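Undergrad: Below are the sequence and a predicted model for it; my questions follow.
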Amino acid sequence: MSAQCTDKRVNEVTPGLFKKYPTITDFANANPAELGQDIRSTGFFNNKSKSLIGAARKILADFSGRVPQTMEEMLTIPGAARKTSNVVLGAFYGIAAGVVVDTHVQRVSPAAGFDQANRSRQNRAGSNQDSAEGKVDRLSATTDFFMDARCASQESRAVWNVDRSDMLRQG
């Protein structure tokens with residue numbers, strides 16, 4: 001739901017969403033128009049509701065209701081491209097399949113010696129060869145943590161609902 005939307009807005013919408021649709025089956029059986037209205041404030045709500053329902057149905061039908069653990073499988077889920085897949089694999093399974101290239105990573109990459117062509121190849125390839133095995137996910141989390149702390153406003157920093165500093169202490 002984060003496409004063209006702030007983390008703050010997503011964090012405001014998700015509690016009500018999970019209260020109304022507590023299981024993956026509830027999402028799979030949701031009425032697209034009604035779900036669209038539930039997430040309207042995130043923008044592009046018609047496409048997002050279609051993707052949420054499609055993702056729930058795909059996970060139920062093809063993966064026995066469990067979110068897959070490989071990039072190849074993740075990319076078959078409606079609405080899940082590489083960025084989403086890298087976030088899910090890294091955050092939930094501890095699988096460093098690639099660098100999550102978001103605004104913050106793009107902002108600091110030139111200073112780290114990565115040009116646009118390198119970033120695109122690395123994101124598509126699913127790994128950063130300059131990073132040690134198992135450190136790729138931490139690179140994304142650390143960059144995001146640093147840039148939010150350094151560049152974002154006090155208000156946007158306050159929307160974090162996870163203590164990302166724990167990620168920096170691991171490994």
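TA: Arrived safely.
Undergrad: what about the closest residue to residue 46 other than its chain neighbours, neighbour count?
TA: In space, and not counting its chain neighbours, residue 46 is closest to residue 36: 5.3 Å by Cβ to Cβ, 6 or more residues apart in numbering. Using the backbone N, CA and C atoms, a C-beta is placed for each residue, glycine as well. Residue 36 has 19 neighbours, counted by other Cβ atoms under 10 Å.
Undergrad: what helix or strand is residue 36 on?
TA: Assigned by DSSP states H and E, residue 36 belongs to helix 32-38.
Undergrad: Could you pull out the buried residues of that helix?
TA: For helix 32-38, a neighbour-count test (16 or more other Cβ atoms under 10 Å) marks 35, 36, 38 as buried.
Undergrad: and the second one, what is it in contact with?
TA: For residue 36, the contacting residues are 45, 46, 48, 49, taking Cβ atoms under 8 Å, 6 or more residues apart in numbering as the criterion.
Undergrad: Point out the ones among those residues that are inside helices.
TA: Among the contacts of residue 36, DSSP state H puts 45, 46, 48, 49 in helices.
Undergrad: how near is the second one to residue 3?
TA: By that I understand residue 46. 13 Å (Cβ to Cβ, to the nearest Å).
Undergrad: just the last one next, same as before
TA: Per Cβ to Cβ, residue 49 is found 13 Å from residue 3.
Undergrad: Show me where the chain dips below the pLDDT cut-off.
TA: Within the chain, the ranges that satisfy pLDDT under 70 run 104-105, 108-109, 111-171.
Undergrad: again, 90 this time
TA: Along the chain, the parts satisfying pLDDT under 90 run over 1-8, 83-84, 86-87, 90-92, 94-171.
Undergrad: Show me where it has its helices.
TA: For the chain, the helices defined by DSSP H cover 7-20, 24-28, 32-38, 45-63, 71-74, 82-93, 103-108, 116-125, 136-151, 154-157, 165-169.
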